[in-house]
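> Dropping the sequence and predicted coords here.
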Amino acid sequence: MQNLLEELKKLLEQDERLVVEGKLLKNKIIESALKLDVDLIRLLLKSETIKTHFFQEVDGVLVFDKIKFQKFVSNKAFLPDSYTSFKNKIGLVTENEEYLSESKEAVLVWPYKDCVLEGGMEKENEKRDEIFYNEILAPDEIDRLLEPKVLTNFKRISKNEEHKVTEIKKNDNLIIRGNNLLALHSLQKRFAGKVKLIYIDPPYGKDADSFYNDNFKLSSWLTFMKNRLQIAKSLLDKDGLIIVQISDYNVARLMMLMDEIFEQSNFVNKITVRTKSSAGFKVVNKGVMETAEYLLIYAKNKNDFNPNILSIETEYDKNYSLVVKNPKENIAKWEFSTIQDEISEELKQYEKIIKEKKIFNKIKLSLFGLYALENPGNVFRYTEINDDAGKETLEAKEKSLTNNKIYTVETSRGDIRYIKNGQQISFYSKKIKNVDGRLVPTEMLTNIWNDISWEGIAKEGGVKLKKGKKPEKLIKRLIDLIRKDNNPNLIMDFFLATGTTCAVAHKMNCQYIGIEQLDYGENDSVVRLKNVINGDQSGISKSVNWQGGGDFIYCELMKLNEKYIDEIKKAKTTKQLVDIWKTMEEKAFLNYKIDVGQFDENVNEFEELDLENQKKFLIECLDKNQLYINLSEIDDTENEISEEDKKLNKQFHEVM
């Protein structure tokens, strides 16, 4: 391939139209090829090598394959930048990468997650950026990557204490530090088919700089999501649910991906959630202001999924203005009135004090609502009876039209319908439900949620995350959707960040598994869960009467090459990176493509790259199959795994 590149470059340099200031113009070359420029084709035909590669004989006529030529010239190996040129020299670019889009190998774009925190996360004016270093791993290279990993640094955390873990129990809560894709595969044997709800708030893939990939930024993000969603599906219970939060930018693409993985027939809802107010926001998009995000909800098997019917608080419905004065009497003796008549004395007092009609009407409506809330079994409205209400109900409807009697019909659910004058008497008590610990008027929850505030949640759990934190009330509602009879269902979040999902699950007495690669320091999920155990009263605490208590197990994937990646990410200077390389040469598992001798001979070229490309290159030099220690190598003495860790790993990886 290298000879072909060099020969083509020398040939094209002969055409003055394609050269500016001694440099070939890729776009001009491609444009000329697509237009079948006669002079360009005549030039290409001068070389037998080029003619063999890009021309095909058909019935004695040479035909120029302009698409093949375009892809070849578009490849970064042709007229490479300094980074790609260095990769070529060291051996990380091979012939297999010549035509990526034509390759028959199924590729995995491996996103390595790194988070750059600008200053301290506690400062309100600072942002969170997530960076992903991507590589292509062919199937024959992925021989160890997804095997179960060794876990280490076990500790059980309870109120004001940390203990050694002596036993891993069936219902233990788990927080796992490490790459979430590898952690998910390590959980598969123990938890396959056992997770009731998975909620994740992944990177939205909106920022073009979020994924470093030379070829396909969007495909990198989609592959990143696909890898994780596929293994997540295997962990779901047969009636389990997965909920993914996403913004406008990739909601359509993600929905297509989830249709493929979970099947379109298992789609449940797309919930629109208002996450911010339009007040004070700058217009960043041509069109209307974006204030919403989306929850994509899919069932493992929709036929087995039986969600709870949820209600939300609403205002008083002024149609409920009628009153049964003596509802405990026999229905034949019921006396009827209106709320206005029942509170007439109170209204007169306000009418004397306040002459302005608008203000009085507001007070009047408030008094109506208060009376209805205090007397829900008395207050009612008339509602229409549909034709599908059932034979007995329709017969009672017809009878009630001929006289002034009240008829009763018992439904299949044991409820009593009261029918008068061809309409049903609907009592306000049917609208009163307990929401967040309060009896309030309600309406059925729909697929538009604008009642959960994103404002004022900065202090929830005692941790902060600028632009990434979710309200505890949101997660509670999602758990309420699937929870039956206070069952301690298993809840999972493998983009845990500061731990909202697990904090809410803990307060609601649900078992949970949280996975996070990054350590957020004083705003970490472990810090938050310690606060929860110690009785944190923010978020949903009051509505669920949270008093503290409980525990969880913390552990980490045992690092191998991962420890060098950590050092690379933290490095501030080229000298530090060169020192890390020297250690890697001696101790790390390097990519089989790398020519160590060539690196040392060309270290000056490495030093000329900018710091980010130096880091990116060193990470690519590492064998990604060896990021963490595989469970199958737990007894290898070189790994220096303690007997205590061996025992706990055996317990952890046992099938329950």
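Perfect, I can see it now.
> Every contact and neighbour count from this point should use C-alpha atoms.
Noted.
> how about the helices of the stretch 501-650 of the chain, start to end?
Here the stretch 501-650 of the chain has its helices, by DSSP state H, counting those that start in this stretch, at 525-533, 562-570, 574-587, 596-601, 603-608, 611-621, 643-652.
> can you pull the contacts of L11?
Residues in contact with L11 (C-alpha atoms under 8 Å, 6 or more residues apart in numbering) are L43, L44.
> quick one: it from Q56, how far?
Note on L11: its distance to Q56, by C-alpha to C-alpha, to the nearest Å, is 19 Å.
> cool, G377 as well?
G377 sits 86 Å away from Q56, taking C-alpha to C-alpha as the criterion.
> Looking at the two, which is more packed in?
G377 (19 against 14; other C-alpha atoms under 10 Å).
> before we move on, what SS does that one have?
Assigned with DSSP: H, G, I helix; E, B strand; the rest coil, G377 falls in the coil class.
> which residues sit in contact with it?
P327, F427, Y428, S429.
> And it, what's its pLDDT?
For G377, the model assigns a pLDDT of 94.
> winner for burial among the helices of the stretch 501-650 of the chain?
Compared across the helices of the stretch 501-650 of the chain, helix 525-533 shows the largest average neighbour count, a mean of 24 (mean count of other C-alpha atoms under 10 Å).
> Please, where are all the helices along the stretch 251-400 of the chain?
Assignment of helices within the stretch 251-400 of the chain using DSSP H, counting those that start in this stretch yields the ranges 251-262, 339-342, 344-353, 357-374, 391-400.
> Buried residues, the shortest one. List them.
Buried positions in helix 339-342, judged by neighbour count with 16 or more other C-alpha atoms under 10 Å: I339, Q340.
> So which elements touch it?
helix 357-374 (3 or more C-alpha pairs under 8 Å, 6 or more residues apart in numbering; DSSP states H and E).
> Which other helices and strands does the helix it packs on contact?
helix 339-342, helix 344-353.
> Mind telling me which of these the model trusts least?
Of all these, mean pLDDT reaches its minimum on helix 344-353 (a mean of 83).
> Next, the buried residues of it.
Counting neighbours by 16+ other C-alpha under 10 Å, the buried set in helix 344-353 is L347, E351.
> Report the contact partners of the nearest residue to K405 once chain neighbours are set aside.
Ranked by C-alpha to C-alpha, 6 or more residues apart in numbering and with sequence neighbours excluded, the top spatial neighbour of K405 is K420, at 6.4 Å. K420 sits next to K397, S400, L401, N404, K405, I406, Y407 when contact means C-alpha under 8 Å, 6+ apart.
> Kindly recompute the last result at 10 Å.
382, 396-401, 403-408 (C-alpha atoms under 10 Å, 6 or more residues apart in numbering).
> picking that back up, who wins for proximity to L496 among the helices of the stretch 251-400 of the chain?
helix 251-262 (19.5 Å; C-alpha to C-alpha).
> got a list of contacts for that closest one?
204, 218, 221-223, 225-226, 229-230, 233, 242, 244-246, 263-267, 270, 293-301.
> Now which of those residues would you call buried?
Of the contacts of helix 251-262, these count as buried by 16+ other C-alpha under 10 Å: 204, 218, 221-223, 225-226, 229, 233, 242, 244-246, 266-267, 270, 293-301.
> where in this structure is pLDDT low?
1-2, 75-77, 79-82, 93-143, 206-217, 278-286, 655-656 (pLDDT under 70).
> Break it into its domains for me.
Using automatic domain parsing, the domains assigned to the chain come out as 2-79, 143-310+449-557, 313-444.
> Surely L24 touches L8?
No: if you go by C-alpha atoms under 10 Å, L24 and L8 don't touch, sitting 11.0 Å apart.
> More neighbours: these two, which one.
Between L24 and L8, counted using other C-alpha under 10 Å, the more crowded position is L24 (19 against 16).
> Dig out what that one forms beta bridges with.
V19 (DSSP bridges).
> Quick check: phi and psi on K593?
With angles defined as degrees, to the nearest 10, K593 sits at phi -80, psi -20.
> Check whether it really touches I90, as I assumed.
Yes: K593 lies in contact with I90 (C-alpha under 10 Å); the separation is 8.3 Å.
> Quick check: neighbours shared by these two?
Counting by C-alpha under 10 Å, 6+ apart, the residues touching both K593 and I90 are C621.
> more neighbours, these two?
Ranked by neighbour count (other C-alpha under 10 Å), K593 and I90 place I90 first, with 20 against 13.
> Relative to K464, how far out is the closest residue to P202 other than its chain neighbours?
The shortest distance from P202 to any non-neighbouring residue, by C-alpha to C-alpha, 6+ apart, is to F495 (6.0 Å). For F495, the distance to K464 equals 16 Å [C-alpha to C-alpha].
> likewise I67?
From I67 across to K464, the span is 51 Å (C-alpha to C-alpha).
> Next: N403.
With distances taken as C-alpha to C-alpha, N403 is found 66 Å from K464.
> wouldn't D480 be in contact with N308 here?
Yes: D480 is within contact range of N308, at 7.2 Å (criterion: C-alpha under 10 Å).
> Give me the more crowded residue out of those two.
In this view D480 and N308 are compared by other C-alpha under 10 Å, and D480 has more residues nearby, 16 against 12.
> Where does that one sit: helix, strand or coil?
D480, by the three-state scheme (three-state DSSP), is helix.
> That one: what's it in contact with?
Here D480 is in contact with P307, N308, I309, L310, L474, N486, M508 (criterion: C-alpha under 10 Å, 6+ apart).
> And the residues you listed, which of them are buried?
The neighbour count (16+ other C-alpha under 10 Å) marks L474, M508 as buried among the contacts of D480.
> Tabulate the contacts of D480 (TSV), appending distance to L146.
Shown next, in TSV, are the contacts of D480 (distance: C-alpha to C-alpha, whole Å):
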residue	distance to L146
P307	33
N308	36
I309	39
L310	39
L474	33
N486	35
M508	33
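> Need the three-state assignment for the closest residue in space to D645 that isn't next to it in sequence.
Using C-alpha to C-alpha, 6+ apart and skipping the chain neighbours, the partner closest in space to D645 is T152 (6.1 Å). What three-state DSSP gives for T152 is strand.
> Just grab the bridge partners of T152 for me.
Applying DSSP bridges, one finds that T152 bridges with E556.
> Would you check how far apart it and L557 are?
6 Å.
> K464 now?
Applying C-alpha to C-alpha to K464 and L557 gives a distance of 25 Å.
> How about N421?
70 Å.
> For the two, indicate the residue with more neighbours.
Applying other C-alpha under 10 Å to N421 and L557 shows that L557 carries more neighbours, namely 25 against 19.
> What residues does N509 make contact with?
When contacts are counted by C-alpha under 10 Å, 6+ apart, N509 touches N486, N487, P488, N489, L490, V544, W546, G550.
> now K28
Counting by C-alpha under 10 Å, 6+ apart, K28 has contacts R17, L18, V19, L34.
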